[in-house]
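Trainee: here is a sequence together with a model predicted from it:
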Amino acid sequence: MSDIDLVEVRDYLVLLALEAGDLITSKTGKTTYDDKANAVDLVTETDAAVELLVSKKLKERFPDFEFMGEESYVPGVTKLTDKPTFVVDPIDGTTNFIHSFPFSCTSLGFTINRKPVVGVVYNPFLKLMYTAIKGYGAFLNDQHLPLRTPPADVSLTLQTALIAVEWGTQRSGTNYKVKTDTFHKLAAADGGFIHGFRSLGSAAMNTCAVAAGQVDAYWEGGCYAWDVAAAWIILEEAGGRMVGGNPGIWEPAVDERVYLAVRGGEGAEKFISDFWDNIVGKLEY
Ligand code: LIP
């Protein structure tokens, strides 16, 4: 990793994110969509066009590095290896894009040994550029993250937490029941009794909101490495941590598919254990 200039990688990904952002905003409200797994798992021609733009330019600029993208992923064939790899979601929050709800982004991650080391997440609608390089901090535009450093007496507890969650695209079966039962228990007065839930509709945007200290945690199962790789290093460099979304997984793989992102702060480990105690069952993908 020492011979790869991560600043050069970050700088190029920022330029690419801006170009992808222009393409995304130019197509808002003008693109058709198709179903993938079902009627709520949606993809547009713009997702594919952005991935083609990004992959082509990355291959030209960094021909020795691998590329993994949501729209070119082939289940059972595409594998993330230890090689330096761009892990890309061209539009994270596709449903938001289709609805012109301004919380979609392009998520450009870079992993070495399957660990995120550079992340760029750009929301072109709100002009929010989140960036991080391992060991060099995390930023939102020119502001250092986290933005909100809660007063020392506001440590991380379930009972004072805003938690980002998503319904995801599986709306029946065991995983759906685990999610809905867990939502219920987290909200209940005799359960987690949390302050509330928030759903930005994008794993990357949810994770960046945790990194910024605007949301205390984000829990989801069913998303993929490309949904989280870029925001993962942004979260870590902002003092937060990514653990597994099932109990006991303290060091999840980037393609774990079940995640719990937690902001930095006093009491994080107890918060994580208390959260895990409120999960009803196990998410399996
Ligand atoms: C989305 C994720 C989100 C999940 C959605 C969808 P996409 O990614 O960011 O967390 O709940 O079901 O998978 O499909 O917009 O790139």
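Mentor: Looks like it arrived, so ask away. Keep in mind it's a predicted model, so treat the numbers as computed, not measured.

Trainee: so the spatially most central residue of the chain, which state does it fall into?
Mentor: Nearest to the mean C-alpha position of the chain, by Cα atoms, centre = their mean, lies residue 204 at 2.7 Å. Under DSSP: H, G, I helix; E, B strand; the rest coil, residue 204 falls in the helix class.

Trainee: also the one 3 residues further on?
Mentor: Applying three-state DSSP to residue 207 yields a three-state assignment of helix.

Trainee: just the pLDDT at it, thanks.
Mentor: Per-residue pLDDT puts residue 207 at 98.

Trainee: gap between the residue nearest to it when sequence neighbours are not counted and residue 266?
Mentor: In this structure, residue 207 finds its nearest non-sequential neighbour in residue 231, 3.5 Å apart by Cβ to Cβ, 6 or more residues apart in numbering. C-beta here means a position set from N, CA and C on the backbone, and glycine is covered the same way. Applying Cβ to Cβ, to the nearest Å, the value for residue 231 to residue 266 is 23 Å.

Trainee: tell me how this protein divides into domains.
Mentor: The chain breaks down into these domains under automatic domain parsing: 6-144, 158-277.

Trainee: adding distance to the ligand, write those out as JSON lines.
Mentor: Listed next are the domains of the chain as JSON lines, based on distance: least, Cβ to the nearest ligand atom, whole Å:
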{"stretch": "domain 6-144", "distance to the ligand": "4"}
{"stretch": "domain 158-277", "distance to the ligand": "3"}
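
Trainee: so which of those is nearest residue 284?
Mentor: Closest approach to residue 284 among the domains of the chain is made by domain 158-277 (6.8 Å; Cβ to Cβ).

Trainee: still on that earlier bit, just the domains of the chain: most buried one?
Mentor: domain 158-277 (a mean of 20; mean count of other Cβ atoms under 10 Å).

Trainee: any idea of the pLDDT on residue 149?
Mentor: With respect to pLDDT, residue 149 scores 67.

Trainee: cool, and the one 4 residues further on?
Mentor: For residue 153, the pLDDT comes out at 49.

Trainee: now do residue 40
Mentor: 87.

Trainee: so what pLDDT did the residue lying closest to it once chain neighbours are set aside get?
Mentor: In space, and not counting its chain neighbours, residue 40 is closest to residue 169: 5.2 Å by Cβ to Cβ, 6+ apart. Here the pLDDT value assigned to residue 169 is 93.

Trainee: first-to-last residue distance for stretch 243-262?
Mentor: 8 Å (Cα to Cα, to the nearest Å).
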